[in-house]
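Novice: the following comprises the amino acid sequence and a computationally predicted model.
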Amino acid sequence: MLSSVKLSFALPKQLKLTHAEQFAATFRSGKKYSCGFLALFVKPNDLEHPRLGVVVSKKAVRKAVARNQIKRLMRESFRLNQHTIGGFDIVAVAYADIKKFNKTDIRQTLDKQWAKLISSVKP
RNA sequence: GGAGUUGGCUAGACAGUCGCUGUAUUUUUUCAAAUACGGAGGAAAGUCCGGGCUCCAAAGGGUAGAGUGCCAGGUAACCCCUGGGAGGUGCAAGCCUAUGGAAAGUGCCACAGAAAAUAUACCGCCGUAUAGGAAACUAUAAGGUAAGGGUGAAAAGGUGCGGUAAGAGCGCACCGCGUAACUGGUAACAGUUGCGGCACGGAAAACCCCACUCGGAGCAAGACCAAAUAGGGAUCCACGUAAACGCAAGUUUACCGAUGCGCGACCCGCGCAGGAUCCGGGUAGGUUGCUUGAGGUGUACGGUGACGUGCAUCCCAGAUGAAUGAUUGUCCACGACAAAACCCGGCUUAUCGGCCGACUUCCUUU
């Protein structure tokens, strides 16, 4: 079908959760996967692509600069792995411990999480 | 050159790849896509002041409350800035100061100390009287003192000389203080001369007095569009009756809610309150407010300066689950503090460094 089209790694708005209800729905009925400094809430959607929401609370990470940094890391990792995931709504929540890790650690952990996620939800 | 003071500027650079966001242009029925050009800070921070803007309120004045507090100027405005004064501090350049009034009134001044403001003077000092004693002196009494001691953050002007029984602004000189005149200055204030013998301790960051300023709330302000659900209003339909027209089917008009529907053959009774359209309010959501502005840059002129005026030129973030990132390579001084959320002017706080200017002082040289 679309195999001839070159895969795009863009991250348009359709691949993001943009409304409070979507977040609430994912939290309510999603499955939770925790690992160290972050938690993923995963819920199947009816679309052919995944959607991501990122939560880094002001309580967990006080400085705005650090907060933005973490969100960008998450989005970047999601962007590069979007084609392997499938139709799921995902909310990633960062904990306060995330401050103890550096950029490359976080990046590697995230990449591993996507792989784990795929293997666990696909029977 | 060393040490220091002070005012500015800057905040890794370049290239490739993959992304985000705004605007413009082109393509496309649309969704979108392509190209080009923009895309965090000096503090964007704290939210401590001042203003714009928006809505609400409002004749004016007063009270209450809050704020400011040497003088002059700057500014849209200010708890800001500039210049000046006064006090403190440093060898100096400089730096610091909630810097009006204590003679309008009320109150306060812990501890210590006799005493903290009306000096009733603790230890003392001094002569006198009486008693004792040969005397030195001792005790007592009524007095004179505030020099000395001690306490305290602070003790009722300070130092010196005279004076005295001992002392004391008691007298004198200088200093301080108060006061009057004159001079300089827009003024704060300063200086000079005369007078007063001292009368006026601190604290206004106790209340207070005086002068000046202040309406309230904020972009989650405000404006527009507006689904679903519930509810409000209007009209019509449905149901009933009457009249008119018509052979009839039916149509039109008027009236009623005492109605209609379900259970039921009907009454009573019980339960329920239909459908459509429109209107207004309004939630989720969306659009707007939203970036051309007390704007930036350059230059000329005025001003000691803050700043002002003229001319030329530029458009320089606008997101909204929230954009400026990731990665690779090269180089170096190896990169701090930290990210817009309506917009400006300040203040305060954080900050690895780098660059430039001015000044002070010490050393060396001449």
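Specialist: Cool, the structure landed.
Novice: what residues of the top helix by length along chain A count as buried?
Specialist: When chain A is parsed with DSSP state H, its longest helix is helix A:64-85. Neighbour-count burial for helix A:64-85 flags A:67, A:70-71, A:73-75, A:77-78, A:81-82, A:85 (criterion: 16 or more other Cβ atoms under 10 Å). C-beta: built from backbone N, CA, C; applies to glycine.
Novice: what subset of those is also close to RNA strand B?
Specialist: Applying Cβ under 7 Å from any atom of the strand, the subset of those adjacent to RNA strand B comprises A:71, A:73, A:75.
Novice: just put these in CSV and tack on pLDDT.
Specialist: Output for these, formatted as CSV (pLDDT from 0 to 100):
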residue, pLDDT
A:K71, 85
A:L73, 85
A:R75, 84
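Novice: can I get the residues you listed in TSV including distance to A:A60?
Specialist: Output for these, formatted as TSV (distance: Cβ to Cβ, whole Å):
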residue	distance to A:A60
A:K71	12
A:L73	14
A:R75	17
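Novice: quick one on the thing from earlier: figure out how far the longest helix of chain A is from the centre of its chain.
Specialist: Distance of helix A:64-85 from its chain centroid, counting by Cα atoms, centre = their mean, to the nearest Å, is 7 Å.
Novice: what do you get for stretch A:104-122?
Specialist: Worked out by Cα atoms, centre = their mean, stretch A:104-122 lies 10 Å from the chain centre.
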